[in-house]
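**Student:** using only what follows, build the 3D model:
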Amino acid sequence: MKIRTFAAAAAIAALAITATGCSGGTSNSGATAGGGKTLTYWASNQGTSLDNDKEVLTPQLKKFQDETGIKVNLEVIGWNDLQTRIQTAVTSGQAPDVLNIGNTWAASLQSTGAFMPFDSAAFTAIGGKDKFVKTAMDTGGMPGQDPTSVPLYGLAYGLYYNKAMFKDAGLTPPTTWAEMVTDAKKLTTGGKYGFALAAGSYTENAHFAFINAAQNGADLFSADGKPTFTSDGVVDGISRYLDLMQTDKVVNVANAQYDNGTKAVNDFATGKVAMILNQNNADSSIVANGMKNDQYGVVAFPAPAGAKDVASHVAGINMSIFKNTKNKDAALKFVKFMTSPETQTALDKPFAALPVLAGAKAVFTDNAQEAKTFSDIYANKSKPLPLVPAEDQFESTVGKAMNQMFATIASGGTVSKADIKAALTTAQQAVEAAG
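**Tutor:** Down below sits the predicted model:
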């Protein structure tokens, strides 16, 4: 089987990797001595730490084993490693039975052919396709094909703001980009900053390249799946985002080294910054740092006046089953269990996730206004990232190019729109060469 590269090329080079793989079966799954089945499950890091994820998941896995006799061997993998681990599993065939994926990777992973399609029989086995929120289910794979993943946790970006800092400055939550920047400038004082960004995280940077471009009405790929990274709308959107550090100076240049969102969240929770742009799963880290949920508010990420009202991509975590599993029926039972109303309720609160089941209520917070805001963003102000095989390459090439742009700014350099377009040209050529 020909394998499409999943860990894509860096922005400075075009890289295409092909390999053959997927020998039958996983290496760590099979029958136990007692005759029951054992599954291997790779979970993504959703809580405050890998150990926290294990603490949250272990009781649920024990419950599943008690109900079905199926044991689940759990490994929680951090986001910095998950893409590489999946690519290695795809190319080697030494894979888990079930795993979590970022839902933006669904089409790219589907194109490898390594994952089990959820056809009508598979959906029946897990309780039906219609049990999922349509917005979430639309991220399961490429349009017109049986999806190779199903929703597990829903997420959306929001603008978190410190209520006390805003009140002391005589400010109200911003509704436009201009208001947000003006507020951030006023709040950048006394060693504190208006904003913190995960400016060294290529995934976060890629997400905001997409969101800012979408606000400008620009698409990253054409209707036939060709990259269009160099359009004015994309360039202008990235420039606007970079200027929070470069021109507006409301972001500490040290943020160029923040390679994950948790570092920005920690700055917010400890009062070092007034605002962050983060997904709703920031709540668990905010609370862990001692900030109560009545001390902050959340509004939709504001767009420039007259722009498209896009505040997030349809973010979240999906579950997939490797096609070469020797335990398909057991794997489907596990997916059904993990996406059942009872398990979803048990996991959504500690993992601060939005519901992916139709009709379910948000339980990730007891702050009714926050729950309402994020639910509205998820349902009405979110746009899916491109459901094309090269989406993962967009994240890698453009996201890493933006990492370098922030690093240039942090070291005292400048990044012009011409510089941005040149970097995006390189990224686009890399994606085109990978084919």
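
**Student:** mind checking pLDDT for residue 59?
**Tutor:** The per-residue pLDDT reported for residue 59 equals 98.

**Student:** which helix or strand contains it?
**Tutor:** Counting by DSSP states H and E, the element that carries residue 59 is helix 50-68.

**Student:** quick check: buried residues in that helix?
**Tutor:** By neighbour count with 16 or more other CB atoms under 10 Å, helix 50-68 contains the buried residues 52, 53, 56, 57, 60, 61, 64, 65, 68. Where you see a C-beta, it was placed from the backbone N, CA and C, and this is true even at glycine.

**Student:** please apply the same query to stretch 292-299.
**Tutor:** Neighbour counts over stretch 292-299 (16+ other CB under 10 Å) mark 296, 297, 298, 299 as buried.

**Student:** outline the domain layout of this protein.
**Tutor:** The chain resolves into domains spanning 30-155+314-383, 157-313+388-434 when parsed by automatic domain parsing.

**Student:** give me the distance between the shortest one and the centre of its chain.
**Tutor:** The chain centroid and the centroid of domain 30-155+314-383 are separated by 13 Å under CA atoms, centre = their mean, to the nearest Å.

**Student:** the longest one too?
**Tutor:** Centroid separation between domain 157-313+388-434 and its chain, computed with CA atoms, centre = their mean, is 14 Å.

**Student:** the strands in the stretch 1-150 of the chain, which residues?
**Tutor:** Counting by DSSP state E, counting those that start in this stretch, the stretch 1-150 of the chain has these strands, from start to end: 30-31, 37-44, 71-77, 98-102, 150-155.

**Student:** among these, which gets the worst mean confidence?
**Tutor:** Per-segment mean pLDDT for those reaches its minimum on strand 30-31, at a mean of 52.

**Student:** neighbours around residue 345, how many?
**Tutor:** The number of residues packed around residue 345, counting by other CB atoms under 10 Å, is 14.

**Student:** state the distance from the spatially closest residue to residue 90 that is not a sequence neighbour to residue 323.
**Tutor:** For residue 90, ignoring the flanking residues on the chain, the nearest one in space by CB to CB, 6 or more residues apart in numbering is residue 114 at 4.6 Å. Applying CB to CB, to the nearest Å, one obtains 6 Å for the distance of residue 114 from residue 323.

**Student:** got it, and residue 270?
**Tutor:** 45 Å.

**Student:** higher neighbour count, these two?
**Tutor:** Looking at residue 270 and residue 323 with other CB under 10 Å, you find the greater number of neighbours at residue 323, namely 17 against 12.

**Student:** could you look up the SS state of residue 324?
**Tutor:** The local conformation at residue 324, judged by DSSP: H, G, I helix; E, B strand; the rest coil, is coil.

**Student:** could you verify my assumption that it touches residue 90?
**Tutor:** No: using CB atoms under 8 Å, residue 324 and residue 90 do not qualify as a contacting pair, with a distance of 10.1 Å.

**Student:** what about the two, which has more around it?
**Tutor:** residue 90 (25 against 21).

**Student:** any chance of the buried residues of helix 50-68 in TSV, plus distance to residue 191?
**Tutor:** As requested, these are exported to TSV (distance: CB to CB, whole Å):
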residue	distance to residue 191
52	31
53	34
56	36
57	40
60	43
61	45
64	49
65	52
68	55
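
**Student:** what's the most distant pair in these?
**Tutor:** Distances among those were taken as CB to CB; the most separated pair is 52 and 68, at 25.4 Å.

**Student:** can you name the residues that contact residue 129?
**Tutor:** Contacts were defined as CB atoms under 8 Å, 6 or more residues apart in numbering; by that measure residue 129 touches 118, 123, 137.

**Student:** ditto for residue 315
**Tutor:** Residue 315 sits next to 103, 104, 154, 155, 156, 157, 207, 279, 382 when contact means CB under 8 Å, 6+ apart.

**Student:** so where's this structure uncertain?
**Tutor:** 1-35 (pLDDT under 70).

**Student:** what segments of the stretch 251-400 of the chain are helices?
**Tutor:** Listed in chain order, the helices of the stretch 251-400 of the chain (DSSP state H, counting those that start in this stretch) span residues 261-269, 282-288, 328-338, 341-348, 368-380, 391-410.

**Student:** do the same with the stretch 101-250 of the chain
**Tutor:** With DSSP H, counting those that start in this stretch as the criterion, the stretch 101-250 of the chain has helices spanning 106-110, 120-126, 134-137, 163-168, 177-187, 202-215, 232-246.

**Student:** residue contacts, the closest residue to residue 65 other than its chain neighbours?
**Tutor:** Nearest residue to residue 65, sequence neighbours excluded (CB to CB, 6+ apart): residue 71, at 5.3 Å. Contacts here follow CB under 8 Å, 6+ apart; on that basis residue 71 touches 32, 36, 37, 38, 39, 65.

**Student:** the third one: how many residues sit nearby?
**Tutor:** What it means is residue 37. Taking other CB under 10 Å as the criterion, the count of residues near residue 37 is 22.

**Student:** just residue 360 next, same as before
**Tutor:** The burial count assigned to residue 360 is 16, neighbours taken as other CB under 10 Å.

**Student:** one more: residue 366?
**Tutor:** Each residue near residue 366 was counted by other CB under 10 Å, and the total is 10.

**Student:** same question, the one 3 residues further on
**Tutor:** By other CB under 10 Å, 13 other residues sit near residue 369.

**Student:** so who does it touch?
**Tutor:** Applying CB under 8 Å, 6+ apart, we find residue 369 in contact with 297, 298.

**Student:** from residue 126, how far off is residue 425?
**Tutor:** Using CB to CB, residue 425 is found at 44 Å from residue 126.

**Student:** who has more neighbours, those two?
**Tutor:** In terms of neighbours (other CB under 10 Å), residue 126 is the more surrounded of residue 425 and residue 126; the figures are 22 against 12.

**Student:** any idea how far the more buried one is from residue 251?
**Tutor:** For residue 126, the distance to residue 251 - CB to CB - is 43 Å.

**Student:** ok, now residue 173?
**Tutor:** According to CB to CB, residue 173 and residue 251 sit 19 Å apart.

**Student:** between the two, who's got more neighbours?
**Tutor:** Taking neighbours as other CB under 10 Å, residue 173 and residue 251 compare with residue 251 leading, 29 against 17.

**Student:** show me the contacts for the closest residue to residue 68 other than its chain neighbours.
**Tutor:** Across the structure, with CB to CB, 6+ apart as the measure, the residue nearest residue 68 apart from its sequence neighbours is residue 333 (5.7 Å). The contact partners of residue 333, taken as CB under 8 Å, 6+ apart, are 68, 70, 125.
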